[in-house]
Structures are given as C-alpha cells and as structure tokens.
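> Quick one, what's the 3D model for this:
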Amino acid sequence: MPNTNHLVGRIYHMVHFDNLMSIFRRQALLSKERIIQEKAHYNSIAYDTVQNLRDRVLVFDSTKGLFRSIHNYVPFYFALLTPMLYVQYQKRIQNQIVILEVERIILKELGILFTDGNASNQQLSINSQEIVRIMPATSKHDACRRRYYPNGPHGSNPNCTNFYGDPIFLDRLNWDIINGKYFTGSERTRIKHAEVLVPDSVSIKWISGIAVSSQAMIIAVNDLSARCGLSSRIPLATYKPEMFF
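Presented below is the predicted three-dimensional model:
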C-alpha cells in the first residue's frame, strides 16, 4: 500500500559548490533577498528570465501581515532529478552541484509555504511588468487566490501554480509526477518543480543529508565543513549517484 503521509521524506535544495563556504560560515541558507542585503558570495545557477518572473510573484506572509516577493524565501524541491538539475547536467556543471537535504517535517514550522508546481508559473508575461499578489490556501480559506496589478495576466502559459500554507493540503499535489522519472511537456515540468518555500533563512541544523555526484566532491565538501568547524554539526557529504543524471 503506498505511503500517503507526505510529511515523511525529504526536500532538496541545489547549490553550486562555490556557495558552500558562504553557507557554512553563516550557518544558514539565505533567501535571494537576504543574500543581496548581506552582500554574500553567490554563484547563481538560475535563469535571469525566471528570476525576473519570481520577483513579480508576491505571496502573503501571515507571520508579517504583508505580501512579499518569493525571493524572500529559500526554495526547496519535493522531487529528485528535476528539470532544473537536468539543465546543470546539460551545461556540464552537474559535478559541481551539491544537494542539501531537509526532512519534510519542517513544513509544520510557522510561515512555511509549498506549491503544486514551479512558483514562477503565474501566467505572467516576460515582456510586461504586471505583478501578482497571492493568498495561499489555508485551513480558514481552502482555495489559493490571486490578483494581478495593474491588470492581467498577460502571459500565454495556460497553467497556474497554487500556493498552500498548511500541510493538510499536501494531498492536492500530483505525487505521481513529482515522484516519477519523466517530465516531458510543459505541464509535467511545472508540476515536477513543486516547491517548499522557507521564509528568509534555513539554519544548518535542519540539514539531514548532503548529496554529491562524485568521490572527489565528497572530499571537497567534507574538507570545507571541517575548516568551518561543522564536522560534528552537519552530516558528512555522501556519494549518491541515484540523485544525479
């Protein structure tokens, strides 16, 4: 019988090895906005066009009572072998990618959101500047709501990703695609990129695993961890070829 407790398992955050020193020194993963504010070293593997879209997606933060760009959140994926990772494989830099693993129980923490697909998929036009404000589904209002400003949407993508603010909605995600191997087609790609969004930062105390794609990277990551005095505080890097293309 399949496991229906979707809080059991892990979520995954990809980082370029060049960013690990900054993460280890701060003992936290930072949102893009915090990285900019703190002028932290950061080697981005994201597309600029997608980052522009994410900057225009504002989600209501119930802990602060205001709308904030999703660049104020640290993103994780539910899925392994995502299209985003495949891009790094095609760019021949997959061997420089480190995957940080966190237990899904973090979803019970206050202010954490999750989505049923790529958060940037909100029917926004790349060539326009409309924004969208999103109210995630909660136990008090079980539908995700959005409004576009000044008007819109103007994009041609027919699909829209929903946001959720309570783990009770985890069963609304398409787990067959998230857990599946294939992601051909724009809609499967969107769903495969279902996200967990943690506001502002994630302490390294949440890291439950560090996956790398080569024996050489094991040595490099563990050496860096030791130099930062973290050997006894975070897991050792582990060679996990099944998590890479």
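> So in this structure, which helix runs the longest?
helix 215-227 (DSSP state H).
> So which bits of that one are buried?
By neighbour count on 16 or more other Cβ atoms under 10 Å, the buried set for helix 215-227 is Met217, Ile218, Ala220, Val221, Asn222, Leu224, Ser225. C-beta here means a position set from N, CA and C on the backbone, and glycine is covered the same way.
> In terms of secondary structure, what does that helix contact?
Packing partners of helix 215-227 (3 or more Cβ pairs under 8 Å, 6 or more residues apart in numbering; DSSP states H and E): helix 20-26, strand 207-212, strand 237-239.
> Tell me the first helix or strand C-terminal of the helix or strand of the chain with the lowest mean pLDDT.
Every helix and strand of the chain was ranked by mean pLDDT, DSSP states H and E. The lowest is helix 48-55, at a mean of 89. Downstream of helix 48-55, the next assigned helix or strand under DSSP states H and E is strand 57-61.
> Rounded mean pLDDT for that following strand, please.
The pLDDT scores in strand 57-61 average 98.
> mind checking how far that strand is from the chain centre?
Distance of strand 57-61 from the chain centroid (Cα atoms, centre = their mean, to the nearest Å) equals 15 Å.
> Please apply the same query to stretch 172-185.
16 Å.
> got the angle between the longest helix of the chain and strand 207-212?
With axes from the mean of the first three to the mean of the last three Cα atoms, to 10 degrees applied, the angle from helix 215-227 to strand 207-212 works out at 140 degrees.
> Averaged pLDDT, stretch 22-30. What do you get?
Mean predicted lDDT for stretch 22-30 stands at 97.
> how many neighbours does the nearest residue to Asn162 once chain neighbours are set aside have?
Excluding its sequence neighbours, the residue lying closest to Asn162 (Cβ to Cβ, 6 or more residues apart in numbering) is Cys144, at 4.0 Å. As a burial measure, Cys144 scores 21 neighbours (other Cβ atoms under 10 Å).
> Please apply the same query to the one 10 residues further on.
Taking other Cβ under 10 Å as the neighbour definition, His154 ends up with a count of 14.
> same question, Val50
Using other Cβ under 10 Å: Val50 sits among 15 other residues.
> Hmm, Asn121 and it touching each other?
No: using Cβ atoms under 8 Å as the test, Val50 is too far from Asn121 to be in contact (9.8 Å).
> Could I get the full set of helices for the protein?
So, for the chain - with DSSP H - the helices run 20-26, 32-38, 48-55, 83-90, 175-179, 186-192, 215-227.
> Out of those, which gets nearest to Ser156?
helix 186-192 (10.8 Å; Cβ to Cβ).
> could you dump stretch 47-55 to PDB, C-alpha only?
Output of stretch 47-55 as PDB, limited to C-alpha atoms (Å, rounded to 0.1, in the frame of the first residue of the first chain):
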ATOM      1  CA  TYR A  47      18.000  31.800 -15.500                       C
ATOM      2  CA  ASP A  48      17.600  35.600 -15.400                       C
ATOM      3  CA  THR A  49      14.200  35.500 -17.100                       C
ATOM      4  CA  VAL A  50      12.800  33.100 -14.400                       C
ATOM      5  CA  GLN A  51      14.300  35.200 -11.600                       C
ATOM      6  CA  ASN A  52      12.500  38.300 -13.100                       C
ATOM      7  CA  LEU A  53       9.200  36.400 -13.000                       C
ATOM      8  CA  ARG A  54       9.800  35.200  -9.400                       C
ATOM      9  CA  ASP A  55      10.500  38.800  -8.400                       C
END
